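A.B. asks: Need the 3D shape of this:
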Amino acid sequence: MRKVLIVTGAGRGIGAAIALAAAREGYAVAVNYAHDAQAAGRVVDTICAAGGAAVAIQADVGDAAGVAHLFAEAERVLGPVTALVNNAGITGRITRFMEADPAMIAEVFRINVLGLMECCRTAVASFQRNNLAGVIVNISSTAAASGSAGDYVHYAASKAAVESFTLGLGRELAPLGIRVLCVAPGMTETEIHQRGGDGARLQRAAPAIPLRRVAQPEEIAAPVVWLLSPAASYMTATTVTVGGGK
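C.D. replies: Model (predicted):
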């Protein structure tokens, strides 16, 4: 059967790197995006130019109807979905908790936690409908372990929820042969910090990382694609930290 992967938030950064790496491993890729159609189109064009198959699908993963559309369109164009990477996420504004807007915190949890859960629910239903032992990889953050005091404890809390959810869902679905895993990246060279209002954060953080540098998106994509593969067939309900030693 054809390997069909949905990557949420795949227009840029880590998501784009995952989509490209998975395509090189033979996956047909549904490149989900929220707003930037041009960026998602470039990822699709790169995959197709190399002989792969891909489609860009706009959907708000924090909305159940959007998630249903994403999966239905991916299956219509590419075939039954065999794997999912829940990469889409937002930090909200980088700020101390007492200055954080409650509406912004709610939006972070809508996308990072509730949206991710709905994507998992829809993926599992698809796997079962098509009699597939599918794989899900959720993207967390090393912020879940550190708490990110003074920066975005709301975001750290959302990612801790992702890791707890991965553990529980992975154990719940293991008897069905469906694997659920998580990758927790450390500081990575993407635009997410600029969008959070602190573009210099990576440069400040690098000296405290044992490897003395931040990651490139491709360095996060590699373990994600490995976890999707048969090489990781005895792994589930597990979070893998990719944090440069921190």
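
A.B. asks: for this structure, longest helix please?
C.D. replies: Here the longest helix in the chain is taken by residue count, with DSSP state H as the criterion, and it is helix 153-173.

A.B. asks: Now that helix: buried residues?
C.D. replies: Using 16 or more other C-beta atoms under 10 Å as the test for burial, helix 153-173 gives 153-163, 165-167, 169-170, 173. Every C-beta, even on glycine, is put in place using the N, C-alpha and C of the backbone.

A.B. asks: per-residue pLDDT, residue 191?
C.D. replies: At residue 191 the predicted local distance difference test score is 75.

A.B. asks: Could you do residue 112 as well?
C.D. replies: With respect to pLDDT, residue 112 has a value of 98.

A.B. asks: Please export the C-alpha coordinates of the longest helix of the chain as CSV.
C.D. replies: The C-alpha atoms that make up helix 153-173 are tabulated as CSV, following Å, rounded to 0.1, in the frame of the first residue of the first chain:
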residue,chain,number,x,y,z
VAL,A,153,4.8,29.0,30.6
HIS,A,154,1.5,28.8,28.8
TYR,A,155,3.2,27.3,25.7
ALA,A,156,5.3,24.9,27.9
ALA,A,157,2.1,23.7,29.6
SER,A,158,0.5,23.0,26.3
LYS,A,159,3.4,20.9,25.2
ALA,A,160,3.5,19.0,28.5
ALA,A,161,-0.1,18.2,27.8
VAL,A,162,1.0,16.8,24.3
GLU,A,163,3.5,14.6,26.0
SER,A,164,1.1,13.2,28.5
PHE,A,165,-1.5,12.7,25.8
THR,A,166,1.1,10.8,23.7
LEU,A,167,1.9,8.5,26.6
GLY,A,168,-1.7,7.7,27.4
LEU,A,169,-2.9,7.4,23.8
GLY,A,170,0.1,5.3,22.8
ARG,A,171,-0.6,2.8,25.5
GLU,A,172,-4.3,2.8,24.8
LEU,A,173,-3.8,2.1,21.0
